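[1] here are the coordinates; sequence isn't available:
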């Protein structure tokens, strides 16, 4: 992973493409997500079929990401409002509980 990140960094530097540490962090996170899906498959699937299964899984996830991202973009405000409303309610309750404990 380190070699691929270094090689990518050199290529981006040579082509004068601006990149930041955020891009490297995203790449590392995507690699960790990929390994989190791939390594458990080694215990489930025969070694001869693991490459095909990982390849098909990546394609299926790539195709399924587009509809899921559209859904989340349309409904993200509703989802965040729901979580923030419950978070505010929990915060209010925790402040009241801490005040009762202090009294």
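    Yep, it's here. All values reported here derive from a predicted model rather than from experimental measurement.

[2] next, count neighbours for residue 41.
    The burial count assigned to residue 41 is 13, neighbours taken as other Cβ atoms under 10 Å. Any C-beta I mention is one placed from the backbone N, CA and C, and that applies to glycine too.

[3] hmm, it is touching residue 53, no?
    Yes: in this structure, residue 41 sits in contact with residue 53. The criterion is Cβ atoms under 8 Å, and the distance is 6.0 Å.

[4] mind checking how far residue 63 is from residue 69?
    Computed with Cβ to Cβ, to the nearest Å, the distance linking residue 63 and residue 69 is 12 Å.

[5] do the same with residue 83
    Separation of residue 83 from residue 69 (Cβ to Cβ) stands at 19 Å.

[6] do residue 78 as well
    Taking Cβ to Cβ as the measure, residue 78 and residue 69 are separated by 16 Å.

[7] which stretches in the protein count as helices?
    Residue ranges of the helices in the chain, as given by DSSP state H, are 2-14, 21-38, 41-44, 50-102.

[8] worst mean pLDDT among the ones you listed?
    Within the helices of the chain, the stretch with the lowest mean pLDDT is helix 50-102, showing a mean of 71.

[9] look up how far residue 63 lies from residue 6.
    Shown here: residue 6 relative to residue 63, a distance of 31 Å by Cβ to Cβ.

[10] should've said residue 5
    Distance, residue 5 to residue 63, using Cβ to Cβ: 26 Å.

[11] so these two - more neighbours on which side?
    A count of neighbours by other Cβ under 10 Å puts residue 5 above the other of residue 5 and residue 63, at 14 against 9.

[12] residue 16: neighbouring residues, count only.
    Residue 16: 6 surrounding residues under other Cβ under 10 Å.

[13] over to residue 58?
    Around residue 58 there are 13 other residues, counting by other Cβ under 10 Å.

[14] how much space between the closest residue to residue 37 other than its chain neighbours and residue 66?
    Closest residue to residue 37 apart from its sequence neighbours, by Cβ to Cβ, 6 or more residues apart in numbering: residue 57 at 6.7 Å. Counting by Cβ to Cβ, the gap from residue 57 to residue 66 is 16 Å.

[15] and what of residue 18?
    27 Å.
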